[in-house]
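[1] my questions are about this predicted structure, shown below with the sequence.
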Amino acid sequence: MTTNLKESYSDSLPELSVVVLCYRTGEYARQFVDQLSDELQSSCVDYELILVGNFLPGSDDKTPEIIKEIARGDARCRAVAREKRGMMGWDMRSGLEAARGRHLAVIDGDGQMPTSDIVKVYRTLRVGHYDIVKTFRAQRFDGLYRKTLSRFYNLLFRFLFPSASMLQDINSKPKVMTRETYEKMNLISNDWFTDAEIMIQALRNKENVGEVSTIFYENERRSSFVPISAIFEFLRNLFYYRFFKKW
């Protein structure tokens, strides 16, 4: 029965592909996928989940095996588990490249944002006839340091890219976009800059962009994977895209 179901899905394009970034989420991936699947099924959205569990060589991370097991038991899920050739950006791009849906969504699978955001953002895109919709973190519980850093980063982004003046939170997920919007982009970032790269290219392509509020929770299971060096990475990339990038 499962095989037939998988064959039927392979013959049709889902309405929504949700890329879930599962790096080092371990057993929590099961809970997150269950919650997200319940949200999407109760909303009657035709969907697929792309579970990205790329791994570093020699890692003891069990996530790749866990997401493969989830995918074997659920015809709507597919696992992407490759040896890493980059960080979050490479994971995101590998998930988006595997997605088949008419609309594409990206969300972190660590539980810091509610799974219900996917349906909320997707509906906003459809009802408002947007090309891309993302969240902004209206409430944050991840500490003063992260909030202050994010506020500075967003101010600098809006200063360098005036067309982003209406956007409040560049890096926030989930992001949902139409396939046409995605296919106009040429995403190349392999590091932590991909969220910003998506928005820069969307603005450059004059896409209709929307934002909705979300709550960003503290991650009680692990500390952040974003290193201090990523601050300089962000700054370098911002100035490169603003002044030196040739389109």
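    All right, it came through fine. Residues are numbered from 1 along each chain as shown.
[2] which stretches of this structure have low pLDDT?
    Residue ranges of the chain with pLDDT under 70: 1-11, 221-227, 247.
[3] for residue 205, which non-adjacent residue is closest in space?
    residue 184 (5.1 Å; CB to CB, 6 or more residues apart in numbering). (Each C-beta comes from the backbone N, C-alpha and C, glycine too.)
[4] need the phi and psi values for the one you found.
    phi -80, psi -20 (degrees, to the nearest 10).
[5] who does the longest helix anywhere in the chain touch, helix- and strand-wise?
    When the chain is scanned for its longest helix (criterion: DSSP state H), the result is helix 144-160. Using 3 or more CB pairs under 8 Å, 6 or more residues apart in numbering; DSSP states H and E as the contact test, the elements touching helix 144-160 are strand 132-140, helix 229-239.
[6] centre of the chain to the last one, how far?
    The reference is to helix 229-239. Averaging C-alpha positions (CA atoms, centre = their mean, to the nearest Å) puts helix 229-239 19 Å from its chain's average.
[7] just the C-alphas of that helix, formatted as PDB.
    C-alpha atoms of helix 229-239 as PDB (Å, rounded to 0.1, in the frame of the first residue of the first chain):
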ATOM      1  CA  SER A 229      32.300  34.400  12.800                       C
ATOM      2  CA  ALA A 230      28.900  34.500  11.100                       C
ATOM      3  CA  ILE A 231      28.600  38.200  12.100                       C
ATOM      4  CA  PHE A 232      31.500  39.100   9.900                       C
ATOM      5  CA  GLU A 233      30.200  36.700   7.200                       C
ATOM      6  CA  PHE A 234      26.900  38.600   7.200                       C
ATOM      7  CA  LEU A 235      28.600  42.000   7.000                       C
ATOM      8  CA  ARG A 236      30.900  40.900   4.200                       C
ATOM      9  CA  ASN A 237      28.100  39.400   2.200                       C
ATOM     10  CA  LEU A 238      25.900  42.500   2.700                       C
ATOM     11  CA  PHE A 239      28.500  44.800   1.300                       C
END
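[8] what lies in contact with that helix?
    Helix 229-239 is contacted from outside by 149, 153, 156, 157, 160, 189, 191, 192, 193, 196, 197, using CB atoms under 8 Å, 6 or more residues apart in numbering.
[9] repeat that with 7 Å
    153, 156, 157, 160, 191, 192, 193 (CB atoms under 7 Å, 6 or more residues apart in numbering).
[10] same deal with stretch 91-107?
    With CB under 7 Å, 6+ apart, stretch 91-107 has contacts from 13-21, 23, 48, 50, 52, 54, 78, 80, 82, 113, 118, 122, 173-179, 182, 187, 194.
[11] that's all I had, so thanks and see you.
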